[in-house]
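[1] predicted coordinates and the sequence they were generated for:
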Amino acid sequence: MIDEPTGEIRQLAVAPHHEHDLTLARQQPLPLPKNALCVVDLGYQGLAIDGCRVVWPFKKPKSRSLEPEENIFNQRLARIRVKVEHRIRSLKIYGSRY
């Protein structure tokens with residue numbers, strides 16, 4: 001878990017073998033403040049955290065395109081998520097050195 005405004009890493013899950021992020025999130029308690037907003041990607045669909053609001057982007061249905069409002073919402077979420085993804089990448093690069 002990464003604190004979005006500061007970029008501070010609050011929690012890191014490590015698995016002995018390959019494990020899906022959603023599985024790890026469900027196995028470990030997340031120390032989130034009450035009424036926190038948890039912005040996730042589509043890989044976390046179905047995640048529920050007590051006392052927190054989990055938000056993920058709209059998924060494009062097979063039968064139609066996303067509505068303009070849905071696209072705007074997804075773009076705004078992506079601006080937040082990209083900071084988190086960059087921090088995860090930096091951890092992976094750092095870890096691969098050792």
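    Received the coordinates, thanks.
[2] apart from its chain neighbours, what residue comes closest to the residue nearest the centre of the chain?
    Residue closest to the mean C-alpha point of the chain, counted by Cα atoms, centre = their mean, is Val40 at 3.0 Å. Excluding its sequence neighbours, the residue lying closest to Val40 (Cβ to Cβ, 6 or more residues apart in numbering) is Trp56, at 5.0 Å. C-betas here are computed from N, CA, C, even on glycine.
[3] so which other helices or strands are in contact with the helix of greatest length in the chain?
    Counting residues, the longest helix in the chain under DSSP state H turns out to be helix 68-96. Judged by 3 or more Cβ pairs under 8 Å, 6 or more residues apart in numbering; DSSP states H and E, the packing partners of helix 68-96 are strand 2-3, strand 37-39.
[4] got the buried residues for it?
    Neighbour-count burial for helix 68-96, counted by 16 or more other Cβ atoms under 10 Å, picks out Asn74, Leu77, Arg81, Val84.
[5] of those, which pair is most distant in space?
    Farthest-apart pair in the buried residues of helix 68-96 is Asn74 and Val84; separation 15.3 Å (Cβ to Cβ).
[6] show me what contacts Arg26?
    By Cβ atoms under 8 Å, 6 or more residues apart in numbering, Arg26 lies in contact with Leu47.
[7] make CSV from the buried residues of helix 68-96 and add distance to Pro61 and pLDDT to it.
    Formatted as CSV, the buried residues of helix 68-96 follow (distance: Cβ to Cβ, whole Å; pLDDT from 0 to 100):
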residue, distance to Pro61, pLDDT
Asn74, 13, 95
Leu77, 18, 92
Arg81, 21, 85
Val84, 26, 80
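[8] closest to Ala36 among those residues?
    Closest approach to Ala36 among those (Cβ to Cβ): Val84, at 14.2 Å.
[9] ok, that closest one to Gly51 distance?
    Distance of Val84 to Gly51, given as Cβ to Cβ, to the nearest Å: 20 Å.
[10] wait, Leu47 touches Ala25, no?
    Yes. Here Leu47 reaches Ala25: they are 5.9 Å apart, a contact under Cβ atoms under 8 Å.
[11] next, the buried residues of stretch 32-49.
    In terms of neighbour count (16+ other Cβ under 10 Å), stretch 32-49 has its buried residues at Leu32, Cys38, Val39, Val40, Tyr44, Leu47.
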